[in-house]
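*Asks:* build me a model from this:
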Amino acid sequence: MPHLLIAGAIHESGIELIKTRKDFTYTYLPGNSDFSYKKHIKDADALVIRTQTLGREDIFSSEKLKMVSRHGVGYDAVDVAALTEKNIPLTIVGDVNSQSVAEQSMTLLLAAFKRVIKNDRAVRVGPWDYRNLLEPEEVNGKNLLILGYGRIGRRLAKMATAFGMHVFAYDPFIDSKQWPDGSVEKVDDLNMAITTADCISVNMPRVEKPIIGKKEFDRMKTGVVIVNTARGGIIKEEDLINALKNGKVGAAGLDVFEDEPPLEKNPFYLLQQVILSPHVAGLSKESAAAMAVSSVKNAIDFFDGNLDMSLVVNKKI
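*Replies:* So this is what the prediction gives:
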């Protein structure tokens, strides 16, 4: 009888799903620390994991482990190479949170252009006359550059278009023949594209090194708005902070950071033109339920012999 270890708090719908299977046993550890689950992994045939790390030592010491299911679409904290060596598939959930992330991207764009934090502060502590500085801007007619044109980028493009924005996108992994939307221009030269953008939304996977730093900020329009709901490390934070301080970047909306949670004295905290959220873009009530069900279902499907291979990260096993 397969034993499933669920490491980290998940929506109750996922727990209810595994409860319906009397041919499985399970352990549910709602704590999100590494320590809370690693002493149990030796007994697990399958692991559903949230944000904790899963390293090589843990993988090779887990003699019974046959599959790992990520509660989400990212897997930065998982040693995929080690899983592949042991012929253990790593799965992610399907398209369950792209709507939520796209909505957060659009929300941050609007909040940044409208200077929501400054407006709120003007009412709470003053000065009321902040309104006469005319800092808020309309998004209608603005040029939006989307970095990454997968499911999230495409959903965001539809929302932005509805607001009257001009949308173009950069995604080197999609060739022109496969470009999904003729109404959104594909740009191949990022250095050129950033010179015409009024705002930039980052919706791409993690990269090995930042693709936006001082050189790129210097090429941008003065007052550009930056939003990132993808991964920390894509934008070099030190350079973004400097660009915000000198006015090159007019405002920003950040859901992700190089260090999470950010350090106690992070300079972003002092910048009123920056809207911050705690890596929550993909965590709506609806998406949380869908991720819980999908991640548990992947584990069940593996043992039932009908796992959706499109959700397997390490396909060469």
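*Asks:* CA atoms only for the strand or helix carrying residue 158, dumped as CSV, please.
*Replies:* Take DSSP states H and E as the rule and residue 158 turns out to sit in helix 151-162. This file holds the C-alpha atoms of helix 151-162, laid out as CSV (Å, rounded to 0.1, in the frame of the first residue of the first chain):
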residue,chain,number,x,y,z
ARG,A,151,0.0,31.1,-20.1
ILE,A,152,0.4,33.9,-17.7
GLY,A,153,1.8,36.4,-20.2
ARG,A,154,-1.1,35.7,-22.6
ARG,A,155,-3.7,36.1,-19.9
LEU,A,156,-2.1,39.4,-18.9
ALA,A,157,-2.0,40.6,-22.5
LYS,A,158,-5.8,40.2,-22.8
MET,A,159,-6.4,42.1,-19.6
ALA,A,160,-4.0,44.9,-20.6
THR,A,161,-5.5,45.1,-24.1
ALA,A,162,-9.0,45.6,-22.4
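*Asks:* which helix or strand lies directly C-terminal to it?
*Replies:* Next along the chain after helix 151-162, taking DSSP H and E as the criterion, comes strand 166-170.
*Asks:* packing partners for the helix holding residue 158?
*Replies:* Secondary-structure packing of helix 151-162 (3 or more CB pairs under 8 Å, 6 or more residues apart in numbering; DSSP states H and E): helix 98-113, strand 143-147, strand 166-170. The way it works is simple: take the backbone N, C-alpha and C, and place the C-beta from them, glycine included.
*Asks:* buried set for it?
*Replies:* Residues 151, 152, 153, 154, 155, 156, 157, 159, 160 are the ones in helix 151-162 that count as buried (16 or more other CB atoms under 10 Å).
*Asks:* how much space separates residue 289 from residue 283?
*Replies:* Computed as CB to CB, to the nearest Å, the residue 289 to residue 283 distance reads 11 Å.
*Asks:* now do residue 41
*Replies:* Distance check for residue 41 against residue 283: by CB to CB, it reads 25 Å.
*Asks:* enumerate every residue touching the closest residue to residue 262 other than its chain neighbours.
*Replies:* Closest residue to residue 262 apart from its sequence neighbours, by CB to CB, 6 or more residues apart in numbering: residue 268 at 6.8 Å. Shown in contact with residue 268 (CB atoms under 8 Å, 6 or more residues apart in numbering): 237, 241, 254, 262, 274, 276.
*Asks:* give me the three-state assignment for residue 268.
*Replies:* helix (DSSP: H, G, I helix; E, B strand; the rest coil).
*Asks:* ok, back up a step: please indicate which of the contacts of residue 268 has the highest neighbour count?
*Replies:* residue 254 (23 neighbours; other CB atoms under 10 Å).
*Asks:* so that one makes contact with residue 276?
*Replies:* Yes: counting by CB atoms under 8 Å, residue 254 touches residue 276, with 5.6 Å between them.
*Asks:* just the strands in the stretch 101-250 of the chain please.
*Replies:* Taking DSSP state E, counting those that start in this stretch to define them, one finds strands in the stretch 101-250 of the chain at 143-147, 166-170, 185-187, 199-202, 224-228, 249-254.
*Asks:* dump those to a markdown table, plus mean pLDDT and distance to residue 102.
*Replies:* Formatted as a markdown table, the strands of the stretch 101-250 of the chain follow (pLDDT from 0 to 100; distance: least, CB to CB, whole Å):
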| stretch | mean pLDDT | distance to residue 102 |
| --- | --- | --- |
| strand 143-147 | 98 | 10 |
| strand 166-170 | 97 | 12 |
| strand 185-187 | 93 | 19 |
| strand 199-202 | 98 | 9 |
| strand 224-228 | 98 | 11 |
| strand 249-254 | 98 | 13 |
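*Asks:* let me have those in JSON lines, adding distance to residue 96 as columns.
*Replies:* Converted to JSON lines, those look like this (distance: least, CB to CB, whole Å):
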{"stretch": "strand 143-147", "distance to residue 96": "21"}
{"stretch": "strand 166-170", "distance to residue 96": "22"}
{"stretch": "strand 185-187", "distance to residue 96": "27"}
{"stretch": "strand 199-202", "distance to residue 96": "20"}
{"stretch": "strand 224-228", "distance to residue 96": "21"}
{"stretch": "strand 249-254", "distance to residue 96": "23"}
